[in-house]
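# Starting from these lines, generate the structure:
(one chain, ligands or ions: 2)
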Amino acid sequence: MRFAQIIMGPAGTGKSTYCSYMEKHAESTKRNIRIVNLDPAAEKFDYQPLADIRELIQLDDVLNDEDIQLGPNGGLIWCMNYFMEHLESWLLPAIGEDIDGDYILFDCPGQIELYTHMDLMTRFVKTLEDSWGFRVLGVYTIDAHFLTDSSKFIAGSLTALSTMINLSVPHMNILTKMDLLSKKDRKTIERFLEPDAVDLIHEEPDSPWTSKYLGLSSAIAKVLDDFALVKYFPLDVRKDSNLENLLLMADLVLGVSEDADVKVKDHESEFDDPDEN
Ligand SMILES: Nc1nc2c(ncn2[C@@H]2O[C@H](COP(=O)(O)OP(=O)(O)OP(=O)(O)O)[C@@H](O)[C@H]2O)c(=O)[nH]1
Ligand SMILES: [Mg+2]
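Ligands and ions are numbered 1, 2, ... in the order given. Model (predicted):
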């Protein structure tokens, strides 16, 4: 059995940073976790990839091709389709076959349409699971700055939920850049970690907009509550204990070690002191 995390999320939310800190953390704990860059537009990242999609196709190749005639977003989708056509011929040889216990993070591009409604990533995950013997976890990153009020929380959560449903594999949402938040903002965010969305909607300050759409917002919030699946794991990449807890949760979901002794600290103690390491 092999294991994979598919690292998805909007542009600039910290996908590649997560991968590089995870690589370092794994090294320091003598775990073998490798990273595959799947972003054909990546300029730089801070890890040593096991495979790099740019060796197969680069966004610039497509943008400079007079026959293709696409802009950056269409060009990226073109690259990802090209990648899908070369899974067996390029990716599989690059990552190797039948490596038991192997653990790979796939660092994906930040184009949200790849996850929310296109079937490209779904097909990729299916190949990993059905043909290559992987167990797959979807990891969705959201910038913690984005989650500081209820409407943003609802918007971010709907995208996370849509990604989760589209991919149909076990899923974790990670709140990135926790180290950049003030102590006060950390406290604010705690109420969003295991949220009651309907309550949150009713706490919104009154405005003509919120009262006009209260019914609609409450119905959407109820969908989130009913699914009860949109939860967030706050991540401060500077803290090894935080990375360790995240990895333990991922291990548990993936069944990496069925008897893993998971000790996850509660969020409060972990985020009380921003300078503690
Ligand atoms: N302080 C801090 N900065 C972060 C963190 N994660 C990401 N950043 C910064 O945010 C910027 C974007 O991070 P990336 O890791 O490149 O984000 P990405 O999601 O891979 O971006 P795209 O691949 O372009 O979609 C970089 O300047 C990072 O240094 C974090 O946890 N803390
Ligand atoms: Mg990136």
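# Between the two ends of stretch 26-46, what distance do you get?
Stretch 26-46 stretches 14 Å from its first residue to its last (CA to CA, to the nearest Å).
# Please enumerate residues in contact with it?
The contact list for stretch 26-46, computed with CB atoms under 8 Å, 6 or more residues apart in numbering, reads 16-17, 19-20, 22-23, 47-54, 56-59, 62, 72, 76, 79-80, 83, 91, 94-95, 101-110, 240, 244, 247. For the C-beta atoms, the positions are set from N, CA and C on the backbone; glycine is no exception.
# mind redoing it with 7 Å?
Stretch 26-46 is contacted from outside by 16, 19-20, 22-23, 47, 49-54, 57-59, 76, 79, 95, 103-109, using CB atoms under 7 Å, 6 or more residues apart in numbering.
# Would you mark the buried spots in that stretch?
Using 16 or more other CB atoms under 10 Å as the test for burial, stretch 26-46 gives 26, 33-42, 45.
# rewinding a little: if we look at ligand 1, which of the contacts of stretch 26-46 are close to it?
Filtering the contacts of stretch 26-46 for proximity to ligand 1 by CB under 6 Å from any ligand atom leaves Ser16.
# near ligand 1, which of the buried residues of stretch 26-46 show up?
Asp39.
# Out of the buried residues of stretch 26-46, list just those in strands.
Among the buried residues of stretch 26-46, the ones falling in strands (DSSP state E) are 33-37.
# May I see the residues you listed organised as a markdown table, with pLDDT and distance to ligand 2 added?
Shown next, in a markdown table, are those (pLDDT from 0 to 100; distance: CB to the ion, whole Å):
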| residue | pLDDT | distance to ligand 2 |
| --- | --- | --- |
| Ile33 | 95 | 17 |
| Arg34 | 96 | 16 |
| Ile35 | 98 | 11 |
| Val36 | 98 | 12 |
| Asn37 | 98 | 8 |
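# Output these in JSON lines, with distance to Ser168 appended to each entry.
Below are those laid out as JSON lines (distance: CB to CB, whole Å):
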{"residue": "Ile33", "distance to Ser168": "24"}
{"residue": "Arg34", "distance to Ser168": "25"}
{"residue": "Ile35", "distance to Ser168": "24"}
{"residue": "Val36", "distance to Ser168": "21"}
{"residue": "Asn37", "distance to Ser168": "24"}
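# And those residues, which two are furthest apart?
Using CB to CB, the pair of these lying farthest apart is Ile33 and Asn37, separated by 14.3 Å.
# Can you show me the helices along the stretch 1-150 of the chain?
In the stretch 1-150 of the chain, the helices defined using DSSP state H, counting those that start in this stretch lie at 15-28, 59-63, 72-85, 92-95, 113-116, 120-126, 150-167.
# For the second one, list every residue counted as buried.
By neighbour count with 16+ other CB under 10 Å, helix 59-63 contains the buried residues 59, 61-63.
# Tell me how many other residues surround the closest residue in space to Gly9 that isn't next to it in sequence.
Using CB to CB, 6 or more residues apart in numbering and skipping the chain neighbours, the partner closest in space to Gly9 is Thr141 (3.4 Å). Neighbourhood size, Thr141 [other CB atoms under 10 Å]: 26.
# bridging residues for Thr141?
Taking DSSP bridges as the rule, Thr141 bridges to Ile174.
# Run through the contacts of stretch 26-46 and flag the ones next to ligand 2.
Contacts with ligand 2 within the contacts of stretch 26-46, counted by CB under 5 Å from the ion: Ser16.
# ok, back up a step: from the ones in strands among the buried residues of stretch 26-46, pick the one nearest ligand 1.
Asn37 (9.3 Å; CB to the nearest ligand atom).
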